[in-house]
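Chemist: Return a 3D structure for these sequence lines:
(2 chains)
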Amino acid sequence: MGAVTYPHEQVVKFVDYNFVPVQIETSNKAMTDQFKVTWTPTIIVLDADGNEVHRVVGFLPPEEFIPTFMVAKGKWYFNADQHPEAQGMFDEALREYPNSAAAAEGVFFLGVSHYKLTHDPKPLRAAYETLMAKFPGSEWAKRAAPYRLIPA
Amino acid sequence: MALHICWLDDLAKAKESARQTNKPVLLDFFNPQ
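Modeler: This next block holds a predicted model:
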């Protein structure tokens, strides 16, 4: 990450704009124990109270790092019930990185966020259909499978 | 001048900054070796 992804100009700008970045060496055993870190890189998104929002283990190239953490920031808004902002992040990830590995999770949470905001279940069904059309082999298509029962 | 991420090295300070700026914390564990 330090050789390829973190020096990438778009990654620098994205992280600076969207996050408070903090880097801890794995020699800090108190911290690795606290967060149960057993492999590097491990990248965790936390809210200001220290609650974990999202975790990634393993290398991400820049073109995957950015959409992965767009979706993670969307989940941060989602957890705070800031659904218009969450949807903005999910939409941006899907618009700019439609074929990224993170896109399927973005589709899932975009549908759930719309449902939580409106209580209309149709976005859940739409998320399922989008996942089956674009990411049929993804874990998120499987997680959305119950939404196929929602009337279109 | 090369761009670089301005990493903090103290989680407590990062959480306080997160609260003040209304941003989430990006916590990266790395092995410098």
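Chemist: How about the residues of chain A by chain B?
Modeler: Applying Cβ under 8 Å from any Cβ of the partner chain, we find that chain A lies next to chain B at A:1-2, A:6-7, A:9, A:11-13, A:15-16, A:18-26, A:31-32, A:35, A:37, A:40-50, A:53, A:69, A:72-73, A:76. C-beta: built from backbone N, CA, C; applies to glycine.
Chemist: which stretches of chain A form helices?
Modeler: Secondary structure of chain A (DSSP state H): helices at A:9-18, A:29-34, A:62-79, A:83-96, A:103-118, A:122-134, A:139-143.
Chemist: Can you get me a residue count around residue 5?
Modeler: Picking chain A for this. For residue A:5, the count of nearby residues is 21 (other Cβ atoms under 10 Å in any protein chain shown).
Chemist: Chain B is the one I meant
Modeler: When counting by other Cβ under 10 Å, one arrives at 20 neighbours for residue B:5.
Chemist: Look up how far residue A:110 lies from it.
Modeler: Distance of residue B:5 to residue A:110, computed by Cβ to Cβ, to the nearest Å: 28 Å.
Chemist: count of residues packed around the closest residue to residue A:8 other than its chain neighbours?
Modeler: Excluding its sequence neighbours, the residue lying closest to residue A:8 (Cβ to Cβ, 6 or more residues apart in numbering or on different chains) is residue A:62, at 4.1 Å. By the criterion of other Cβ under 10 Å, residue A:62 has 17 neighbours.
Chemist: Do you know the pLDDT at residue A:62?
Modeler: Reading off the confidence values, residue A:62 has pLDDT 96.
Chemist: Fine by me, we can end here.
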